[in-house]
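**Student:** pasting the sequence and the predicted coordinates here, then a few questions.
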Amino acid sequence: MAGVDVQKPNMESHLRTLKLSGHVGFDSLPDQLVSKSIQNGFIFNIMCIGETGLGKSTLMDSLFNTNFESTPSPHTLPTVKLKAHTYELQESNVRLKLTICDTVGYGDQINKDDSFKAVVDYIDTQFESYLQEELKIKRSLSTYHDNRIHICLYFICPTGHGLKSIDLVCMKKLDQKVNIIPIIAKADTISKSELQKFKSKIIAELQNNDVQIYNFPTDDESVSEINTNMNSHIPFAVIGSTDFIRVGNKMVRARQYPWGTVQVENESHCDFVKLREMLIRTNMEDMREKTHCVHYELYRKKRLEQMGFSDVDSENKPISFQQTFENKRSNHLQELQQKEDEMRQMFVVRVKEKEAELKDAEKDLHAKFDKLKKEHTEEKKKIEEERKKLDDEIIEFNRRKVQYQQIGSSHHTLTLGKSKKK
Ligand SMILES: Nc1nc2c(ncn2[C@@H]2O[C@H](COP(=O)(O)OP(=O)(O)OP(=O)(O)O)[C@@H](O)[C@H]2O)c(=O)[nH]1
Ligand SMILES: [Mg+2]
C-alpha cells in the first residue's frame, strides 16, 4: 500500500443521527432478507450418535413427521462408520435440505476406545471442505452444499444408572466441535421417579467431567423465558414411534403395550414435544449460527495457525495476510538458499573425499605396479642367469662330448692297429 495513506475514521465520534423527512424504504430490508432466504432454501444437518437399535431412526421419523425409510444397521462392524443421507423437505413455501448423519456400529465393538474417532474425523472433514471452499479464489459458497453438523443428538441408553464411559469420552471429544444435545432414548422404559434421578445424575456427570453441552440461548428476549425453562429439562427423555393410534378424532404417534399406550407427542408421557420445539421450531437458526460462528471459527483459527498465519507478528503488532504470506515466502526462499548452500558444500566435500580416495587407489596401484615390475625384473634376471648357466652347461657338455669323441676315436684307431699286427 505504498503511497496510500489509509486513515481509519473513528466511526463512533463521526456518527450522527438524522431524521428522515419521509418514507425511504429500507425498512423493507428484513423482508428482503426473508424472501432471499426462502428463495435459497435452508440447510440443516443433524448427527445422531447412539448405540445400534436405540431408536435413532424412529426418532428422526417422529421429529420430521415422515418416513426416511432407513434400514437397521448391522451389529457386527469392526469399526464405527458414519453414513449421511440428504433429503429435500418442504413445509409451506420453505424448503429444507436436511442431512441426517448416523453412526453405524457405534458401541458394538469389544474395544470402544476409538469409537469417537470416526465421528471427530467426519466433523473435521466437513469443516475442512468448507474451509477449502472459503479459501478458493473462485468461491461458490452460495451454491456450496454445507455439510457441517449443526446439531449432534447424543442418545443415552435408558439404564437409569448414569452415563457410560464411551458417552463421556465421546461427548468430551466433541464438545468444542459441535452443538451437543444429550437425550435419553426409549424413555418409556424408565419410571417417572427414576427419570428425575437419572437426569440429575447425567447432568452431574457431565458437569464433573466438564463436558459442554448446547444451551438454548437466553439472550434473545422473545425466547429467553422458554429457553431458560427448557435448559432445565435437559437431557430430554424421548420416545419415538412409527405407529399411530386414534385419540378422539386425531391420529397420534404412539407405542402400544399390553398394559397401556404411550403417546409420543403427549408432554406428560415424554419430552419429545420439548425436543421438537427447541430443535426445530425455536433454535434451529441459533444452532446453524453457533456452528458457523463458534465451532467452525475455532476450527478455522486452528487450521490457519497451523498453516502459519496469524493476526499479529512476533512483536504483537497487527500483520496482514499478505505480509504473513510474503514473510513466509521470504523465509522459505532463505531456507531454500541455505539448503542449496549446504548441499553445494556437501557436494564439494564429497568430491574432495572421492578425489582423495581415487588418489589413494592410484598410489596403491602404482605401488603394486612397481612391486610387480621389480618382481618381474628379478624373475627375468633369475631366468637369464639360469639360461646362461644352462648355456654354459651345454657348451661344457658339447666340449666334453667332443673331447670324449676324440678320445674314443683315437682309442679305436689304436685298437685297430694292434689287431692288424696280429
Ligand atoms: N421402547 C421403545 N422402543 C423404541 C423406541 N424408538 C424405537 N424403538 C424400537 O427400537 C427398535 C430400533 O429402532 P430404530 O429406530 O431402528 O433404532 P436405530 O437406533 O435407528 O437402530 P440402527 O440404525 O440399527 O442403529 C425398533 O424396534 C423400534 O420400534 C422408543 O422410544 N421406545
Ligand atoms: Mg437407524
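**Tutor:** Received it, and whenever you're ready, just let me know what you need. Numbers count the residues shown, from 1 in each chain. Ligands and ions are numbered 1, 2, ... in the order given.
**Student:** contact partners for the closest residue to ligand 1 within the chain?
**Tutor:** Using C-beta to the nearest ligand atom, the closest approach of the chain to ligand 1 is made by Gly55 at 2.8 Å. The way it works is simple: take the backbone N, C-alpha and C, and place the C-beta from them, glycine included. Applying C-beta atoms under 8 Å, 6 or more residues apart in numbering to Gly55 gives the contacts 155, 185-186, 239-240.
**Student:** any of those buried? List them.
**Tutor:** 155, 185-186, 239-240 (16 or more other C-beta atoms under 10 Å).
**Student:** from Ile239, how far out is the residue of the chain closest to ligand 1?
**Tutor:** 8 Å (C-beta to C-beta, to the nearest Å).
**Student:** out of the buried ones among the contacts of Gly55, the closest to Lys359 would be?
**Tutor:** Of all the buried ones among the contacts of Gly55, Phe155 has the smallest distance to Lys359: 78.5 Å, by C-beta to C-beta.
**Student:** give me the nearest residue to the closest one, chain neighbours excluded.
**Tutor:** Nearest in space to Phe155, with sequence neighbours left out and distances taken as C-beta to C-beta, 6 or more residues apart in numbering, is Gly50 at 2.6 Å.
**Student:** specify the beta-bridge partners of Lys97.
**Tutor:** Ile43, Glu88 (DSSP bridges).
**Student:** please name the residues that touch it.
**Tutor:** Neighbouring residues of Lys97 by C-beta under 8 Å, 6+ apart: 41-44, 86-89, 145.
**Student:** local confidence estimate at it?
**Tutor:** We have a pLDDT of 95 for Lys97.
**Student:** find the residues that touch each one of Gly55 and Ile239.
**Tutor:** Lys186.
**Student:** and ligand 1, is stretch 271-279 touching that?
**Tutor:** No - against ligand 1, stretch 271-279 shows no contacts by C-beta under 6 Å from any ligand atom, the least distance being 8.7 Å.
**Student:** what parts of the stretch 1-150 of the chain come near ligand 2?
**Tutor:** Counting by C-beta under 5 Å from the ion, the residues of the stretch 1-150 of the chain close to ligand 2 are 56-57, 70.
**Student:** tell me which of those fall in strands.
**Tutor:** Among these, none falls in strands (DSSP state E).
**Student:** residues of the stretch 151-300 of the chain that sit close to ligand 1?
**Tutor:** So the stretch 151-300 of the chain meets ligand 1 at 186, 188-189, 239-240, 255 (C-beta under 6 Å from any ligand atom).
**Student:** low-confidence regions, the stretch 51-200 of the chain specifically.
**Tutor:** Along the stretch 51-200 of the chain, segments meeting pLDDT under 70 are nowhere present.
**Student:** list the contacts of the closest residue to Thr282 other than its chain neighbours.
**Tutor:** Excluding its sequence neighbours, the residue lying closest to Thr282 (C-beta to C-beta, 6+ apart) is Val223, at 5.5 Å. The contact partners of Val223, taken as C-beta under 8 Å, 6+ apart, are 216-217, 282-283.
**Student:** just the buried positions in the host helix or strand of Val223, please.
**Tutor:** Element membership of Val223, judged by DSSP states H and E, is helix 221-231. Buried positions in helix 221-231, judged by neighbour count with 16+ other C-beta under 10 Å: 223, 226-227, 230.
**Student:** show me which pair in the contacts of Lys97 is furthest apart.
**Tutor:** Across the contacts of Lys97 (C-beta to C-beta), the longest gap, 15.2 Å, separates Leu89 and His145.
**Student:** for stretch 314-327, C-alpha coordinates in CSV please.
**Tutor:** Written as CSV, here are the backbone C-alpha positions of stretch 314-327 (Å, rounded to 0.1, in the frame of the first residue of the first chain):
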residue,chain,number,x,y,z
SER,A,314,6.3,-11.8,16.8
GLU,A,315,6.2,-8.3,18.4
ASN,A,316,2.4,-8.5,18.8
LYS,A,317,1.8,-5.9,16.0
PRO,A,318,-1.0,-6.4,13.6
ILE,A,319,0.1,-8.2,10.5
SER,A,320,-1.9,-8.6,7.3
PHE,A,321,-2.5,-11.9,5.4
GLN,A,322,-0.3,-10.6,2.5
GLN,A,323,2.5,-9.6,4.8
THR,A,324,2.4,-13.0,6.5
PHE,A,325,2.5,-14.7,3.2
GLU,A,326,5.4,-12.5,2.0
ASN,A,327,7.3,-13.2,5.2
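**Student:** where does Leu206 land in three-state SS?
**Tutor:** When classified by DSSP: H, G, I helix; E, B strand; the rest coil, Leu206 comes out as helix.
**Student:** try Glu340
**Tutor:** Secondary structure for Glu340, judged by three-state DSSP, is helix.
**Student:** tally of neighbours for it?
**Tutor:** 10 (other C-beta atoms under 10 Å).
**Student:** test for you: state the pLDDT assigned to it.
**Tutor:** With respect to pLDDT, Glu340 has a value of 96.
**Student:** which strand residues bridge the residue in the stretch 101-250 of the chain positioned nearest to ligand 2?
**Tutor:** At 5.7 Å from ligand 2, Asp102 is the closest residue in the stretch 101-250 of the chain, using C-beta to the ion. Under the criterion DSSP bridges, Asp102 forms beta bridges with Cys48, Lys83.
**Student:** now Asp96. Nearest residue, chain neighbours left out?
**Tutor:** Asp isn't right for residue 96; it's Leu. Distances taken as C-beta to C-beta, 6+ apart put Leu89 closest to Leu96, at 4.6 Å, once the chain neighbours are dropped.
**Student:** my read: that neighbour touches Phe64, true?
**Tutor:** Yes - here Leu89 reaches Phe64: they are 6.6 Å apart, a contact under C-beta atoms under 8 Å.
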